[in-house]
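Undergrad: I'd like to go over a predicted model; first the sequence, then the structure.
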Amino acid sequence: MIKKRYAILVAFLILLGITTIGVTMGLFDFARIHLFFEVNAVVTNNGQPVVGAEVTRSAQFHDKIYPNATTTTDAQGRFHFDALVDTSLFAKFPLNEPTVLQQLHIRYQGKDYLAWRGVKRNLSPDGEFAENKRPPLITCELTTVPRDDDKGMKLGYGALETICTW
């Protein structure tokens with residue numbers, strides 16, 4: 001009886017390994033949580049590209065603070081962050097209300113700019129945007145006063161304060 005249970009356990013572990021190695025939809029993909037969208041953006045100042053600005057992304061989900069990611073704008077003022085994805089077995093339970101705190105900060109010529117401060121209320125890919133459709137390019141204009149409305153921006157669920165448009 002014990003040998004049979006052991007054999008079943010071994011078979012299950014082998015099957016689990018086969019289904020999760022090199023396969024797009026692994027057995028535990030249901031536990032993937034999307035905390036911050038893939039960011040493709042350009043920083044401008046009075047409409048001109050900002051070269052060499054330091055951009056920092058931060059995120060917090062429940063009590064977990066994710067390490068900040070930092071990059072620098074290129075010669076066209078562009079920067080990129082990959083999507084921030086994690087796994088959590090408990091995050092998607094029906095009674096759990098997801099709350100992801102997101103921030104993008106820009107440091108340019110000794111001054112800090114809040115580019116994006118959002119509260120994401122879902123864990124779906126690109127769930128910050130209406131119909132989960134992430135814009136191909138976001139523009140963050142340093143002379144813009146941060147706003148918290150969604151006029152023309154097609155937001156998904158949550159709250160947002162930003163100097164960026166799309």
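TA: That came in fine, so what should we check first?

Undergrad: give me the pLDDT value at the residue sitting nearest the centre point of the chain.
TA: Nearest to the mean C-alpha position of the chain, by C-alpha atoms, centre = their mean, lies residue 36 at 0.9 Å. On the pLDDT scale, residue 36 is placed at 95.

Undergrad: which residues does the nearest residue to it once chain neighbours are set aside contact?
TA: Excluding its sequence neighbours, the residue lying closest to residue 36 (C-beta to C-beta, 6 or more residues apart in numbering) is residue 84, at 3.8 Å. C-beta here means a position set from N, CA and C on the backbone, and glycine is covered the same way. Neighbouring residues of residue 84 by C-beta atoms under 8 Å, 6 or more residues apart in numbering: 34, 35, 36, 57, 59, 66, 69.

Undergrad: tabulate those residues in CSV, adding columns for secondary structure and distance to residue 79.
TA: Listed next are these as CSV, based on DSSP: H, G, I helix; E, B strand; the rest coil; distance: C-beta to C-beta, whole Å:
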residue, secondary structure, distance to residue 79
34, strand, 20
35, strand, 18
36, strand, 14
57, strand, 10
59, strand, 16
66, strand, 18
69, strand, 10
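
Undergrad: nearest to residue 122 among those residues?
TA: Relative to residue 122, the closest of the contacts of residue 84 is residue 34; by C-beta to C-beta it sits at 8.4 Å.

Undergrad: can you tell me how far the closest one sits from residue 146?
TA: From residue 34 across to residue 146, the span is 24 Å (C-beta to C-beta, to the nearest Å).

Undergrad: all helices for this protein, in order.
TA: 2-20 (DSSP state H).

Undergrad: select the helix or strand of it having the lowest average pLDDT value.
TA: Least confident helix or strand of the chain, by mean pLDDT, DSSP states H and E, is helix 2-20 with a mean of 56.

Undergrad: quick revisit: which among the contacts of residue 84 end up buried?
TA: 34, 35, 36, 57, 59, 66, 69 (16 or more other C-beta atoms under 10 Å).

Undergrad: OK, contacts around the fifth one?
TA: With C-beta under 8 Å, 6+ apart as the criterion, the residues that contact residue 59 are 35, 36, 65, 66, 84, 100, 101, 102, 103.

Undergrad: try 10 Å this time
TA: The contact partners of residue 59, by C-beta atoms under 10 Å, 6 or more residues apart in numbering, come to 35-36, 65-69, 84, 86, 100-103, 118, 120.

Undergrad: one more: the third one?
TA: For residue 36, the set of contacting residues under the criterion of C-beta under 10 Å, 6+ apart consists of 57-59, 61, 66, 69, 81-85, 100, 102-104, 116, 118, 120, 128.
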